[in-house]
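Asks: Provide a 3D model corresponding to the input given below.
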Amino acid sequence: MQNKLTIIGGDWRSRKISFEDAEGLRPTPARVRETLFNWLQYDVIGSRCLDLYAGSGALSFEAASRGAKSVVQVENNPVACRALKANALSLGAEQIKIVQSDTFRYLAGDAEAFTLVFVDPPFKLNLAAQTCHWLEDKGWLAAYAKIYVETERSCQLGVMPENWRLLKQKIAGEVMYHLFERVANPVKTDLSS
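Replies: Purely as a prediction, here's the structure:
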(Lines give C-alpha, C1' and ligand atoms only; values in the text may rest on other atoms or scores of the structure.)
Protein backbone atom coordinates (compact mmCIF):
# COMPACT_ATOMS: atom_id res chain seq x y z
CA MET A 1 0.00 0.00 0.00
CA GLN A 2 1.29 3.44 -0.88
CA ASN A 3 1.02 6.22 1.69
CA LYS A 4 1.55 9.97 1.31
CA LEU A 5 2.64 12.81 3.53
CA THR A 6 2.88 16.53 2.94
CA ILE A 7 5.99 18.69 3.28
CA ILE A 8 4.96 21.49 5.61
CA GLY A 9 7.42 24.31 4.89
CA GLY A 10 9.99 25.79 2.54
CA ASP A 11 10.36 25.54 -1.25
CA TRP A 12 8.37 22.30 -1.49
CA ARG A 13 5.65 23.33 0.93
CA SER A 14 2.41 21.39 0.28
CA ARG A 15 4.19 18.93 -2.06
CA LYS A 16 3.46 15.28 -1.32
CA ILE A 17 5.96 12.47 -0.93
CA SER A 18 5.01 8.79 -1.12
CA PHE A 19 6.25 5.86 0.91
CA GLU A 20 5.49 2.17 0.96
CA ASP A 21 4.42 0.14 3.97
CA ALA A 22 7.54 -1.39 5.50
CA GLU A 23 8.22 -3.02 8.86
CA GLY A 24 9.14 -0.43 11.50
CA LEU A 25 8.41 2.51 9.17
CA ARG A 26 6.40 5.27 10.86
CA PRO A 27 6.90 8.76 9.51
CA THR A 28 7.35 11.55 12.02
CA PRO A 29 3.87 13.12 12.45
CA ALA A 30 3.27 16.56 10.91
CA ARG A 31 2.77 18.29 14.27
CA VAL A 32 6.08 16.88 15.57
CA ARG A 33 7.85 17.99 12.36
CA GLU A 34 6.33 21.45 12.71
CA THR A 35 7.57 21.77 16.30
CA LEU A 36 11.02 20.43 15.41
CA PHE A 37 11.51 22.83 12.51
CA ASN A 38 10.32 25.73 14.67
CA TRP A 39 13.10 24.72 17.10
CA LEU A 40 15.57 24.53 14.19
CA GLN A 41 14.45 27.64 12.31
CA TYR A 42 17.94 29.22 12.40
CA ASP A 43 19.90 25.98 11.93
CA VAL A 44 18.59 24.45 8.71
CA ILE A 45 19.62 26.91 5.98
CA GLY A 46 23.03 25.94 4.64
CA SER A 47 23.27 22.88 6.92
CA ARG A 48 24.90 19.56 6.08
CA CYS A 49 22.19 17.11 7.11
CA LEU A 50 22.38 13.37 7.88
CA ASP A 51 19.15 11.37 8.21
CA LEU A 52 19.83 7.98 9.78
CA TYR A 53 17.04 5.38 9.56
CA ALA A 54 15.54 7.70 6.91
CA GLY A 55 12.37 5.63 6.34
CA SER A 56 9.92 7.90 4.51
CA GLY A 57 12.48 10.72 4.47
CA ALA A 58 9.93 13.07 6.09
CA LEU A 59 12.55 14.84 8.22
CA SER A 60 15.27 15.22 5.61
CA PHE A 61 12.95 16.19 2.74
CA GLU A 62 11.60 18.86 5.10
CA ALA A 63 15.17 20.02 5.84
CA ALA A 64 16.04 20.13 2.13
CA SER A 65 12.85 22.07 1.41
CA ARG A 66 13.86 24.61 4.06
CA GLY A 67 17.36 25.21 2.67
CA ALA A 68 19.73 22.46 3.84
CA LYS A 69 22.78 22.63 1.58
CA SER A 70 23.25 18.85 1.40
CA VAL A 71 21.36 15.86 2.77
CA VAL A 72 22.37 12.21 3.13
CA GLN A 73 19.53 9.76 3.71
CA VAL A 74 20.65 6.38 5.11
CA GLU A 75 18.11 3.57 4.91
CA ASN A 76 18.55 -0.21 5.00
CA ASN A 77 15.18 -1.27 3.55
CA PRO A 78 15.36 -1.55 -0.28
CA VAL A 79 11.63 -0.75 -0.73
CA ALA A 80 11.98 2.41 1.35
CA CYS A 81 15.15 3.34 -0.59
CA ARG A 82 13.33 3.07 -3.92
CA ALA A 83 10.60 5.39 -2.59
CA LEU A 84 13.24 7.88 -1.33
CA LYS A 85 14.87 7.92 -4.78
CA ALA A 86 11.51 8.38 -6.54
CA ASN A 87 10.58 11.27 -4.22
CA ALA A 88 13.97 12.97 -4.63
CA LEU A 89 13.60 12.69 -8.41
CA SER A 90 10.04 14.05 -8.43
CA LEU A 91 11.09 17.02 -6.23
CA GLY A 92 14.24 17.70 -8.26
CA ALA A 93 16.18 17.34 -5.00
CA GLU A 94 19.74 17.35 -6.31
CA GLN A 95 21.14 18.12 -2.84
CA ILE A 96 19.91 14.74 -1.53
CA LYS A 97 22.05 11.60 -1.65
CA ILE A 98 20.43 8.26 -0.76
CA VAL A 99 22.58 5.48 0.73
CA GLN A 100 21.17 1.97 1.12
CA SER A 101 23.00 0.68 4.18
CA ASP A 102 22.66 -0.43 7.75
CA THR A 103 23.20 2.63 9.95
CA PHE A 104 26.08 1.12 11.93
CA ARG A 105 27.83 -0.10 8.77
CA TYR A 106 27.51 3.44 7.39
CA LEU A 107 28.83 5.02 10.61
CA ALA A 108 31.80 2.61 10.60
CA GLY A 109 32.91 4.18 7.29
CA ASP A 110 34.79 7.40 6.56
CA ALA A 111 33.28 10.15 8.71
CA GLU A 112 32.16 13.55 7.45
CA ALA A 113 31.20 16.40 9.80
CA PHE A 114 27.45 17.05 9.68
CA THR A 115 25.77 20.08 11.27
CA LEU A 116 22.26 18.59 11.55
CA VAL A 117 21.50 14.92 12.25
CA PHE A 118 18.19 13.05 12.57
CA VAL A 119 18.18 9.82 14.62
CA ASP A 120 14.81 8.09 14.39
CA PRO A 121 15.35 4.31 14.60
CA PRO A 122 12.53 1.78 14.46
CA PHE A 123 10.75 1.62 17.81
CA LYS A 124 11.31 -1.43 20.03
CA LEU A 125 14.95 -1.85 18.90
CA ASN A 126 16.35 0.70 21.40
CA LEU A 127 19.10 1.84 19.02
CA ALA A 128 18.93 5.59 19.68
CA ALA A 129 21.57 5.92 22.43
CA GLN A 130 24.01 3.55 20.72
CA THR A 131 23.60 5.45 17.44
CA CYS A 132 24.27 8.75 19.22
CA HIS A 133 27.47 7.42 20.79
CA TRP A 134 28.67 6.16 17.40
CA LEU A 135 27.99 9.59 15.86
CA GLU A 136 30.10 11.24 18.54
CA ASP A 137 32.85 8.63 18.89
CA LYS A 138 33.44 8.14 15.17
CA GLY A 139 33.65 11.85 14.26
CA TRP A 140 30.40 12.43 12.34
CA LEU A 141 29.47 15.73 14.02
CA ALA A 142 30.59 19.29 13.41
CA ALA A 143 31.18 21.56 16.41
CA TYR A 144 27.79 22.73 17.72
CA ALA A 145 25.88 20.25 15.54
CA LYS A 146 22.20 19.83 16.35
CA ILE A 147 20.99 16.25 16.83
CA TYR A 148 17.31 15.30 16.78
CA VAL A 149 16.46 12.00 18.50
CA GLU A 150 13.01 10.41 18.28
CA THR A 151 11.99 7.40 20.36
CA GLU A 152 8.88 5.77 21.66
CA ARG A 153 7.55 7.41 24.80
CA SER A 154 8.46 4.44 27.03
CA CYS A 155 12.10 4.32 25.83
CA GLN A 156 14.76 5.54 28.25
CA LEU A 157 17.68 7.10 26.39
CA GLY A 158 20.05 6.78 29.35
CA VAL A 159 23.47 8.42 29.30
CA MET A 160 24.13 10.42 26.15
CA PRO A 161 27.57 11.64 24.99
CA GLU A 162 29.09 13.87 27.67
CA ASN A 163 29.50 16.87 25.40
CA TRP A 164 25.85 16.92 24.25
CA ARG A 165 23.46 19.40 25.83
CA LEU A 166 19.71 18.79 25.80
CA LEU A 167 18.04 21.87 24.31
CA LYS A 168 14.41 20.76 24.06
CA GLN A 169 12.26 17.69 24.51
CA LYS A 170 8.59 17.00 24.12
CA ILE A 171 6.04 14.17 24.06
CA ALA A 172 3.34 13.77 21.40
CA GLY A 173 1.18 10.68 21.80
CA GLU A 174 3.51 7.67 21.88
CA VAL A 175 6.47 9.68 20.53
CA MET A 176 9.15 11.33 22.65
CA TYR A 177 11.51 13.65 20.84
CA HIS A 178 14.65 15.49 21.88
CA LEU A 179 16.92 18.13 20.39
CA PHE A 180 20.55 18.07 21.48
CA GLU A 181 23.49 20.33 20.71
CA ARG A 182 27.07 19.13 20.63
CA VAL A 183 29.11 21.52 22.78
CA ALA A 184 32.77 21.95 23.70
CA ASN A 185 32.39 21.69 27.50
CA PRO A 186 31.15 18.22 28.53
CA VAL A 187 28.28 17.82 30.99
CA LYS A 188 26.68 14.41 31.53
CA THR A 189 23.11 14.11 30.27
CA ASP A 190 21.30 11.15 31.84
CA LEU A 191 17.73 10.71 30.68
CA SER A 192 17.15 7.35 32.38
CA SER A 193 14.99 8.71 35.18
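Asks: make it CA atoms for all contacts and neighbour counts henceforth
Replies: OK.
Asks: Downstream of the helix of greatest length in the chain, the next helix or strand is which one?
Replies: Longest helix in the chain by number of residues, with DSSP state H as the criterion: helix 78-91. Using DSSP states H and E, the helix or strand that follows helix 78-91 towards the C-terminus is strand 96-100.
Asks: Any chance you could list what contacts the longest helix of the chain?
Replies: 12, 17-20, 22, 55-57, 75, 94, 96, 98-100 (C-alpha atoms under 8 Å, 6 or more residues apart in numbering).
Asks: now the residue lying closest to residue 180 once chain neighbours are set aside: how far from residue 21?
Replies: The spatially closest residue to residue 180, leaving aside those adjacent along the chain, is residue 166, at 4.5 Å (C-alpha to C-alpha, 6 or more residues apart in numbering). Counting by C-alpha to C-alpha, to the nearest Å, the gap from residue 166 to residue 21 is 33 Å.
Asks: neighbour count winner among those two?
Replies: Per other C-alpha atoms under 10 Å, whichever of residue 166 and residue 21 has more neighbours is residue 166, with 18 against 14.
Asks: Help me confirm that that one is found in a strand?
Replies: Yes. Counting by DSSP: H, G, I helix; E, B strand; the rest coil, residue 166 is found in a strand.
Asks: pretty sure it is touching residue 179, no?
Replies: Yes. With contacts counted by C-alpha atoms under 8 Å, residue 166 reaches residue 179, the gap being 6.1 Å.
Asks: What score does the closest residue to residue 129 other than its chain neighbours have for pLDDT?
Replies: With sequence-adjacent residues excluded and distances taken as C-alpha to C-alpha, 6+ apart, residue 129 is closest to residue 157, at 5.7 Å. At residue 157, the pLDDT value in this model is 81.
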